[in-house]
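# Below are the sequence and a predicted model; questions follow.
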Amino acid sequence: MSEYTSISGDALLEGTEVEFDLFLRADAGDSSNIVLYCRSGEDLSTERREELLSKHADRLCISTEDVDKYIEYQEKNLKTILRDENKSTKEKSGIVYQVATKVVADLLENPKSGKNMERISEWVTNTVGHIVEDENTFSSLLGVSSHTYQIYTHCVNTSVLGLLFGKHLSFKEDELARIGSGMLLHDIGKLAIPLNVVNKPGHLTGEEFTAMKKHPKAGLEILEHRSSVNVLSLKIVIQHHENFDGSGYPYGIKGEEIHLFARIARIIDVYDAMTTKRTYAEAMRPFAVLAEMKNKMPGCFDEKLLKEFIYFLGPKDPRKKRRSADTLYSFPSVK
């Protein structure tokens, strides 16, 4: 028997071709009585969409086999969806996250695909606009982030956090795009590491850790000849495991030898990994993670940046403007 998945009618746009069958549940929760409403390939007219939303929105579903097609439809129309004033920030953020997860999963499945790299760029551009223009994206985007660690969900989580933190730091839109792309791509080099090492349900042996340490260089080798990937995004890929005191890898560089974006990535990469459930450890509470990063990982992070990150995640100041004394870090121009 076919399986069906409920969807939101708000994500369907008038005048677009729906590339999957739309069904209506005859009775909420009754999967045994499903009626075809709109066949794949039909255009959704204004009148038909309005009828759907006014009479049947809570009963709309698709075949579970078509979920990928539904997400691809959202991706194709993401720019229009994010500009729709009738959609809430929460709805938009859910779609942004869902699309990103599919895009990154597809990229990891086929990292040589130029089309998948274009999709990464398109998602970043649209998401930067969403974050810059909507003041409510902080809680909505963090609210939809995954709490279970997978390479692709980790890449999306860190990209979202990087974009939000970059906005907090008043970075320009092109700088946000470099951070967003770099974080989405930062772990692509793990594709070159044996799966039994990447997915090991426990701490790595010395030999396994040596193999894992090769992933930043492997990521750079995958991406460096692609003209669509900016050099600042590549700095994140190659430097996101460098520690501020020089004890990191692959090059052991330190301080401001590490690019600002990579120093940001180092903080966000650790924070997301520790606040999500991994095969060898339960997710930790955000406050406990920040305390451990501050007190038990000396030398790993740019301390001024870490303080600013803690401030960024902390309770929001009700004042519209921060006092000069609140500024914990002054940023040089990005190069």
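The structure has been received and is ready for your questions.

# host element of the residue nearest in space to the middle of the chain?
The chain has residue 156 as the residue nearest its centroid, 2.2 Å off, counting by Cα atoms, centre = their mean. Element membership of residue 156, judged by DSSP states H and E, is helix 151-168.

# Can you list the buried residues in that helix?
Using 16 or more other Cβ atoms under 10 Å as the test for burial, helix 151-168 gives 151-167. C-beta: built from backbone N, CA, C; applies to glycine.

# for stretch 35-55, same thing?
In terms of neighbour count (16+ other Cβ under 10 Å), stretch 35-55 has its buried residues at 37, 38, 44, 48, 49, 52, 53.

# quick one: contacts for the fourth one?
When you say that, I think you mean residue 48. Contacts for residue 48 (Cβ atoms under 8 Å, 6 or more residues apart in numbering) come out as residue 38.

# quick one: it from residue 250, how far?
Look at residue 48 and residue 250: by Cβ to Cβ, to the nearest Å, they are 56 Å apart.

# ok, now the first one?
Residue 37 sits 54 Å away from residue 250, going by Cβ to Cβ.

# Repeat that for the fifth one.
Distance of residue 49 to residue 250, computed by Cβ to Cβ: 52 Å.

# Spell out which residues sit in contact with residue 290, please.
Taking Cβ under 8 Å, 6+ apart, one finds 271, 309, 310, 313 in contact with residue 290.

# Redo those as CSV? Include pLDDT, distance to residue 260 and neighbour count.
Formatted as CSV, the contacts of residue 290 follow (pLDDT from 0 to 100; distance: Cβ to Cβ, whole Å; neighbours: other Cβ atoms under 10 Å):
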residue, pLDDT, distance to residue 260, neighbour count
271, 96, 17, 24
309, 96, 13, 25
310, 94, 18, 18
313, 91, 19, 19
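
# now those as JSON lines including secondary structure and distance to residue 235?
Putting the contacts of residue 290 into JSON lines (DSSP: H, G, I helix; E, B strand; the rest coil; distance: Cβ to Cβ, whole Å) gives the following:
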{"residue": "271", "secondary structure": "helix", "distance to residue 235": "19"}
{"residue": "309", "secondary structure": "helix", "distance to residue 235": "18"}
{"residue": "310", "secondary structure": "helix", "distance to residue 235": "24"}
{"residue": "313", "secondary structure": "helix", "distance to residue 235": "24"}
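
# and the residues you listed, which two are the farthest apart?
The span of the contacts of residue 290, defined through Cβ to Cβ, is set by 271 and 310 at 9.9 Å.

# Just after the helix holding residue 156, pick out the following helix or strand.
That would be, after helix 151-168 and using DSSP H and E, helix 173-185.

# can you map out the strands along the chain?
Applying DSSP state E to the chain gives strands spanning 4-6, 22-25, 34-38, 60-63.

# ok, and what's touching the last one?
For strand 60-63, the surrounding residues in contact (Cβ under 8 Å, 6+ apart) are 2-9, 20-25, 34, 37, 52, 69-70.

# Narrow those residues to those that are buried.
Neighbour counting by 16+ other Cβ under 10 Å classes 4, 7, 9, 20-25, 34, 37, 52, 69-70 among those as buried.

# Hmm, which of the residues you listed is lowest in pLDDT?
Ranked by pLDDT, the buried ones among the contacts of strand 60-63 bottom out at residue 9, which has 75.

# related to what we said a few turns ago, out of the strands of the chain, nearest to residue 276?
Checking the strands of the chain against residue 276 by Cβ to Cβ gives strand 4-6 as the closest, at 24.4 Å.

# Can you spell out which helices and strands pack onto that closest one?
Under the contact criterion of 3 or more Cβ pairs under 8 Å, 6 or more residues apart in numbering; DSSP states H and E, strand 4-6 touches strand 22-25, strand 60-63.

# Partner strands of the first one and their direction?
What it means is strand 22-25. Next to strand 22-25 in the sheet, as set by DSSP bridges, lie strand 34-38 (antiparallel), strand 60-63 (antiparallel).

# Send me it as PDB with only the CA atoms.
Taking Å, rounded to 0.1, in the frame of the first residue of the first chain, the C-alpha atoms of strand 22-25 are listed here in PDB:
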ATOM      1  CA  LEU A  22      -1.200  16.100  -5.100                       C
ATOM      2  CA  PHE A  23      -3.700  14.200  -3.000                       C
ATOM      3  CA  LEU A  24      -6.300  14.900  -0.500                       C
ATOM      4  CA  ARG A  25      -7.000  12.800   2.600                       C
END
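
# roughly how far out does that strand sit from the chain middle?
With Cα atoms, centre = their mean, to the nearest Å as the basis, strand 22-25 stands 30 Å off its chain's centre.

# quick one, what contacts residue 211?
With contact set as Cβ under 8 Å, 6+ apart, residue 211 has these partners: 193, 194, 197.

# Now the second one. Nearest residue, chain neighbours left out?
If the residues on either side of it in the chain are set aside, residue 194 comes closest to residue 211, at 6.6 Å by Cβ to Cβ, 6 or more residues apart in numbering.

# now for stretch 129-143, what's the gap between its first and last residues?
When the termini of stretch 129-143 are compared using Cα to Cα, to the nearest Å, they are 19 Å apart.

# Need the contact partners of that stretch.
With contact meaning Cβ under 8 Å, 6+ apart, stretch 129-143 is reached by 82, 89-90, 92-94, 96-97, 160-161, 163-164, 167, 173, 176, 316.

# Done for today, thanks.
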